[in-house]
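# what follows is a protein structure lacking sequence information:
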């Protein structure tokens, strides 16, 4: 529709054709209003029953809510209209009539449960506050990519069909691939590491990852978006600097470019980009802080992983984004490098929002012998990963990197209660469609 | 390595630490040169055997090619050096020694076959002309996303694990998903259409698609990158306009930002963004043009699809990017809308590079009854697609869109002979690893 005017652009004095959805019809007797909604906003269309053609009035006022129509007419100032202007229609075309029975109410007047909303995403996304989440998601991806470019990263795409899992055989979805056994990739970990040994040196990837975890919680997905970074000649502290830059850039992008969306979500006042450097606590300091609260039944000891409860207690203590560094080597994956002066302590780190873990990273083991040993210690067959390990014999630089959960970033940024709110069509154990 | 200087930034008078790969060692007797390579270029390191510490000289000149080293020293002007400067080393550290037997030669002096290159991408990507392809690929993705933003599109991510295939049950990779039958997605087609009926109206996605085609040709992949566009209130001609804008933007981005990479590929003179509007031939005109050449054994008749040979003949005739429009309805998918005044002719279009098809698109069928009929005609069960079809009952606007093969765009832009050259880790019937 080349001649279409967005509702937001309809100015007094113009003759326009606006097109969109019938948001609401208010019939006051002699006069009636149709509110037409498009992606830019809403506009009032006025029907004066006695003064207008009967057919026009009938078409305009008998159309079902959420039908798609176009209206041609003159735009006039009208202070009492929601946007200060209204259209007096010369013609109304019903383009796509909606069924009177809608599975959910896009006006938001009737609440719907999350499963109903996810079954009817098309209708759900007609609500400003839902649309806002996905406009913000798009802005987060945009500003994150910009931040990676500031850091001289090259964007890469690594395969999602793979012969071996990153973390071994658990939690993988098997595929039948031309008669061979294959899997959907859990993480671009091994592939991005192969790139730091190439002429690219520093890379990022934003893409889907697949985890066959049986978790069914408000913060796990079986298909998620991973934001991955890896750089040659970086140690874990430099990787943490890069992580801060990327996360701050995501917040700054949203603060700068998504004011309307933040308003739709009621966040315009409280939203703020995290400032300065994120505190860096060692694992040992984190344990002390948690234990000092006395809120856990059992105090944590060296070697314990942090439970959801422990993360929560610590997050409340710290109250902002923070890193946990220097984890025990035994609870970090084989590809994370240990400290040279203490092999019990790894260079692995997590970056945390007060409410949950967002990032996992570290300096990587780049020494061939140590790497092969690590595979064996983890009970993995180094032969199966030869495509990866052998490249470490041909000049692999020291390197570090991390993976950031895209949906968790958006969820924590916007205070969403369920991670599924940050995905158009989430995948979990029960949900495979739409 | 916070104190590292890139070779490209090493200026005369500086004392620097450069780090990278040993590209070459030339021993001229009393004097020897080590060429160190990093992501920004190469720098010469000079060893004067009689004047320097023996250990230093030994370390520098006995290191294996492609090892990772760092060199600290003063930078001086040296007109005879490849970059006009050289480093006189004060210290040389071998960070990661390479095996003397390399599976391929990153200096490019010894050619390697594609399978060897793909098995050893880390080493392959140390070659300037290979690295250039992937730097250009990253720039194409960046400029394509910018072009979509010019068009007011919202970036979306749709699921890659799906319950049903877009084009029916053929060419799908099956997955075991928590005991249910599922598939890897062939195309975001149905999901992006669901979004044009939402408040987003106009969307794009760049993501992986998976096709279990048994083709094994230089222009097919089993895992590829699809660049998808869909807009409410667009017809097929407006979708074609958007397609031109996006493809031209990709070329312009590369022309502006990838001069060094084009030089590495020997394309700096011939590379040019396509200008103006791409010619739009109807299918009938295309047939006439092809038949007029007399180059096919059998003339084509209405209803025939274009063979690779026919595409080639036509591409030579047209000699630039072009569209083929108004295809017979019978050879386009059910979701493509037919012309209102002739249901034998569809609004489907292809956008072609002279050497191959890049894009497939069209206006979509947005009328519920027609859509359900289309499923049935294609032998598909509309019930299985109810998650999709039912949204067409609740106010689905007319819409149009297309899908562009990302690797084909890069392949044709750079004149690559095999589409696998445009993918870091390609997947085909034989290749599942690395």
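Noted; the coordinates are in hand. Remember, it's a predicted structure, so these values are computed and weren't measured experimentally. Residues are numbered from 1 along each chain as shown, chains lettered A, B, ... in the order given.
# so which bits of the helix or strand harbouring residue A:324 are buried?
Here residue A:324 sits within strand A:322-325, counting by DSSP states H and E. Of all the residues in strand A:322-325, those buried under the rule 16 or more other C-beta atoms under 10 Å in any protein chain shown are A:322-325. Any C-beta I mention is one placed from the backbone N, CA and C, and that applies to glycine too.
# residue contacts, the residue in the stretch 151-300 of chain A that chain B sits nearest to?
Going by C-beta to the nearest C-beta, chain B is nearest to residue A:198 of the stretch 151-300 of chain A, at 3.3 Å. Residues in contact with residue A:198 (C-beta atoms under 8 Å, 6 or more residues apart in numbering or on different chains) are B:121-126, B:131.
# and the residues you listed, which of them are in helices?
Judged by DSSP state H, the contacts of residue A:198 include B:121-124, B:131 as members of helices.
# how about residue A:427, nearest residue that isn't a chain neighbour?
Counting by C-beta to C-beta, 6 or more residues apart in numbering or on different chains, residue A:223 is the residue found nearest to residue A:427 once chain neighbours are left out, at 4.0 Å.
# show residues contacting stretch A:238-250.
A:140, A:143-144, A:146-148, A:150-151, A:227, A:229, A:231, A:234, A:273-274, A:277-278, A:280, A:321, A:323, A:325, A:349, A:351, A:358-359, A:361-363, A:400-402, A:404, A:409, A:413, B:1-2.
# give me the buried entries from these.
Neighbour counting over the contacts of stretch A:238-250 (16+ other C-beta under 10 Å) leaves A:140, A:143-144, A:146-148, A:151, A:227, A:229, A:231, A:234, A:274, A:278, A:280, A:321, A:323, A:325, A:349, A:351, A:358-359, A:361-363, A:400-402, A:404, A:409, A:413 as the buried ones.
# flag the shaky bits of chain A, pLDDT-wise.
A:166-170 (pLDDT under 70).
# rerun that using 90 as the cut-off
Residue ranges of chain A with pLDDT under 90: A:1-3, A:82, A:107-111, A:164-171, A:179-181, A:213-216, A:275-276, A:334, A:374-385.
# export the buried residues of strand A:322-325 to CSV and tack on distance to residue B:378?
Shown next, in CSV, are those (distance: C-beta to C-beta, whole Å):
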residue, distance to residue B:378
A:322, 55
A:323, 54
A:324, 54
A:325, 57
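# chain center to stretch A:335-342, what's the gap?
32 Å (C-alpha atoms, centre = their mean, to the nearest Å).
# now do the contacts for residue A:20.
A:7, A:36-39, A:68-69, B:397.
# could you identify the most distant pair in those residues?
Distances among those were taken as C-beta to C-beta; the most separated pair is A:39 and A:69, at 15.1 Å.
# follow-up on the earlier one: look up the closest residue to the residue of the stretch 151-300 of chain A closest to chain B, ignoring the ones flanking it.
Closest to residue A:198 by C-beta to C-beta, 6+ apart is residue B:125, at 3.3 Å.
# residues in contact with that neighbour?
Here residue B:125 is in contact with A:195, A:198-200, B:131, B:134, B:424 (criterion: C-beta under 8 Å, 6+ apart).
# rerun at 10 Å
Residue B:125 is in contact with A:194-195, A:197-201, B:106, B:117, B:131-134, B:424, counting by C-beta atoms under 10 Å, 6 or more residues apart in numbering or on different chains.
# repeat for residue A:337
The neighbours of residue A:337, taking C-beta under 10 Å, 6+ apart as the test, are A:235-236, A:329, A:343, A:346-348, A:362-367, A:370-371, A:374, A:398-400.
# all the helices of the stretch 51-200 of chain A, residue numbers only.
Using DSSP state H, counting those that start in this stretch, the helices found in the stretch 51-200 of chain A span residues A:54-62, A:114-119, A:121-124, A:128-150, A:189-196.
# and the residue lying farthest from the centre of chain A, how far from residue A:32?
Relative to the centre of chain A, and counting by C-alpha atoms, centre = their mean, the farthest-placed residue is residue A:50 at 51.5 Å. According to C-beta to C-beta, to the nearest Å, residue A:50 stands 11 Å off from residue A:32.
# about what we covered before: so which of the helices of the stretch 51-200 of chain A comes closest to residue B:13?
For the helices of the stretch 51-200 of chain A, the distance to residue B:13 is smallest for helix A:128-150, at 27.8 Å, taking C-beta to C-beta.
# just checking, residue A:278 touches residue A:321?
Yes: Residue A:278 is within contact range of residue A:321, at 4.5 Å (criterion: C-beta atoms under 10 Å).
# who touches both of the two?
Common neighbours of residue A:278 and residue A:321 (criterion: C-beta under 10 Å, 6+ apart): A:243-244, A:247-248, A:351-352.
# what number of residues are in the vicinity of the closest residue in space to residue A:121 that isn't next to it in sequence?
Closest residue in space to residue A:121, ignoring its immediate chain neighbours: residue A:424 at 6.0 Å, by C-beta to C-beta, 6+ apart. By the criterion of other C-beta atoms under 10 Å in any protein chain shown, residue A:424 has 24 neighbours.
# kindly report the same for residue A:48.
11.
# so it versus chain B, what's the distance?
Note on residue A:48: its distance to chain B, by C-beta to the nearest C-beta, to the nearest Å, is 26 Å.
# check contacts around that residue.
Residue A:48 touches A:30-32, A:57, A:88, counting by C-beta under 10 Å, 6+ apart.
# ok, these vs chain B, which is closest?
Nearest to chain B among the contacts of residue A:48, with distances taken as C-beta to the nearest C-beta, is residue A:32, at 19.8 Å.
# roughly how far apart are that closest one and residue A:75?
18 Å.
# quick one: which of those two has more around it?
Using other C-beta under 10 Å, the more surrounded residue of residue A:32 and residue A:75 is residue A:75, with 21 against 17.
# which strand residues bridge the more buried one?
Note on residue A:75: beta-bridge partners by DSSP bridges are residue A:87.
# go ahead and confirm it touches residue A:13.
Yes: with contact defined as C-beta under 10 Å, residue A:75 counts as touching residue A:13 (6.7 Å).
# for residue B:111, state which of the ones in helices among the contacts of residue A:198 is nearest.
Nearest member of these to residue B:111, counting by C-beta to C-beta, is residue B:124, at 11.6 Å.
# and stretch A:342-356, does that touch chain B?
No: using C-beta under 10 Å from any C-beta of the partner chain, stretch A:342-356 stays clear of chain B, with a minimum separation of 14.5 Å.
# list the buried residues of that stretch.
A:345-356.
# now swap in stretch A:413-430 and tell me
A:413-414, A:416, A:419-429.
# re earlier: just put the contacts of residue A:20 in a markdown table and tack on secondary structure and neighbour count.
Below are the contacts of residue A:20 laid out as a markdown table (DSSP: H, G, I helix; E, B strand; the rest coil; neighbours: other C-beta atoms under 10 Å in any protein chain shown):
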| residue | secondary structure | neighbour count |
| --- | --- | --- |
| A:7 | helix | 24 |
| A:36 | strand | 26 |
| A:37 | strand | 21 |
| A:38 | strand | 23 |
| A:39 | coil | 22 |
| A:68 | strand | 26 |
| A:69 | strand | 24 |
| B:397 | coil | 22 |
